[in-house]
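In: Pasting the sequence and the predicted coordinates here, then a few questions.
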Amino acid sequence: MRSLPLRVGTRASPLALWQTRHFLEIIIGFCPVLRGVNAFEEHPIRTTGDAIQNRRLSEIGGKGLFAKEIHEALLDGRVDFAVHSLKDLETEMPPGIVLACTLKREDARDALILGPGCGLPDAGDPYACLPAGAVIGSSSLRRQSQLLAARPDLQVVTLRGNVQTRLAAIHAGEVTASLLALAGLRRLGLEHEAALALDPEAMVPAAGQGIVAITCREGDTELLELLSGIEDREASAVSKAERALLAALDGSCRTPIGGHARLLPDGILHLTGLVARADGSFLLKRTIHGAVADARRLGTALGEELRLDSPADIFA
């Protein structure tokens with residue numbers, strides 16, 4: 001057995017630290033010999049995505065900026081493995097790093113957060129509660145495109161920062177409303193802030209939303225074997241489908257893309273994919289069904305179909 005403590009890399013936000021400690025509880029439960037022996041050491045790492053808060057990620061290099069410095073720490077040996085929100089990871093991992101396992105998915109839906117002056121939410125018409133011309137705070141082009149397709153009168157402005165920062169901006173009336181991942185709210189004990197959880201077929205989530213992923217070095221067979229023991233099979237299946245969809249679409253960081261897979265009661269995998277223009281003037285949504293064993297093939301097939309049926313400028 002390698003020397004202890006094992007060093008775990010993570011972003012420094014409250015949500016990232018919660019996810020890291022949740023992962024450590026799971027792995028210690030799986031391997032009790034690691035309990036009470038100072039087996040793990042947290043290494044919070046400030047990423048470029050965390051440092052630059054006044055611009056959209058699409059303007060500064062995409063979601064991979066939440067993992068770049070963590071990948072570097074893995075490759076140069078400062079940490080042994082790392083904990084991420086799966087939706088923050090690139091579709092293709094850097095050379096030498098592998099996605100070792102995925103944990104059980106929390107609710108993947110987006111939540112509508114309302115500020116002062118909004119009406120009562122209605123699941124049948126979720127955006128009717130927003131006043132005409134309301135200012136919506138969001139840094140997500142995926143969310144923006146779907147909002148504007150439904151309500152072109154809305155104005156979307158950039159709102160970044162951790163969950164608490166964005167909630168504070170809504171409470172202060174800086175924006176009328178926003179959308180946040182329900183998973184993050186639940187993990188932080190803030191689910192009461194959600195006025196309404198949006199149907200994932202209506203507001204298609206980001207691929208990987210609600211899933212915690214663990215990465216490590218490709219050649220670290222001992223850790224890979226340990227991490228394989230806590231892999232959640234359902235999370236693994238749906239994440240393979242969603243990430244294959246992303247890979248097939250190969251959109252730029254300025255392309256709004258959504259992907260959400262789930263297992264039906266009969267065990268069939270159902271995948272919804274979406275591509276759009278940021279202004280909501282084009283939005284294409286399709287679904288596909290198939291066997292869990294074909295998760296990657298289904299994601300690739302749906303991605304290729306969406307790409308084929310979308311205007312060329314979507315992927316420019």
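Out: Perfect, thanks for sending it. Residues are numbered from 1 along each chain as shown.
In: Please name every helix or strand in contact with the helix or strand harbouring L298.
Out: In this assignment (DSSP states H and E), L298 forms part of helix 295-308. Using 3 or more CB pairs under 8 Å, 6 or more residues apart in numbering; DSSP states H and E, the elements in contact with helix 295-308 are helix 233-249, strand 257-263, strand 269-276, strand 283-290. Heads up, the C-betas are built off the backbone N, CA and C, glycines and all.
In: One more pass at 7 Å, please.
Out: In this structure, helix 295-308 makes packing contacts with helix 233-249, strand 269-276, strand 283-290, judged by 3 or more CB pairs under 7 Å, 6 or more residues apart in numbering; DSSP states H and E.
In: how distant is it from the center of its chain?
Out: On the basis of CA atoms, centre = their mean, to the nearest Å, helix 295-308 is displaced by 19 Å from the centre of the chain it belongs to.
In: Can you mark which positions in that helix are buried?
Out: Neighbour-count burial for helix 295-308, counted by 16 or more other CB atoms under 10 Å, picks out 295-296, 298-303, 306-307.
In: Turn those residues into a markdown table, including pLDDT and distance to T221.
Out: Shown next, in a markdown table, are these (pLDDT from 0 to 100; distance: CB to CB, whole Å):
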| residue | pLDDT | distance to T221 |
| --- | --- | --- |
| A295 | 98 | 25 |
| R296 | 98 | 23 |
| L298 | 98 | 30 |
| G299 | 98 | 28 |
| T300 | 98 | 28 |
| A301 | 98 | 33 |
| L302 | 98 | 34 |
| G303 | 97 | 32 |
| L306 | 97 | 37 |
| R307 | 95 | 37 |
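In: R262 contacts S239, correct?
Out: No. The pair R262 and S239 does not pass the contact test of CB atoms under 7 Å, sitting 11.6 Å apart.
In: Show me which of those two is the more surrounded one.
Out: Set R262 next to S239 and count neighbours by other CB atoms under 10 Å: S239 wins out with 25 against 16.
In: neighbours around the closest residue to the more buried one other than its chain neighbours, how many?
Out: Leaving out its chain neighbours, the residue that sits closest to S239 by CB to CB, 6 or more residues apart in numbering is T102, at 5.2 Å. T102 has 24 neighbouring residues, counting by other CB under 10 Å.
In: Relative to A278, how far out is T102?
Out: From T102 across to A278, the span is 29 Å (CB to CB, to the nearest Å).
In: does T215 sit in a helix or strand, and which one?
Out: Assigned by DSSP H and E, T215 belongs to strand 212-217.
In: Go ahead and measure how far that strand is from the middle of the chain.
Out: Its chain's average C-alpha position is 14 Å from that of strand 212-217, according to CA atoms, centre = their mean.
In: what's the angle from it to helix 233-249?
Out: Angle of strand 212-217 versus helix 233-249, following axes from the mean of the first three to the mean of the last three CA atoms, to 10 degrees, is 70 degrees.
In: Packing partners of strand 212-217?
Out: Using 3+ CB pairs under 7 Å, 6+ apart, strand 212-217 sits against helix 14-30, helix 68-75, strand 81-85, strand 97-102, helix 221-228.
In: Thanks a lot, see you next time.
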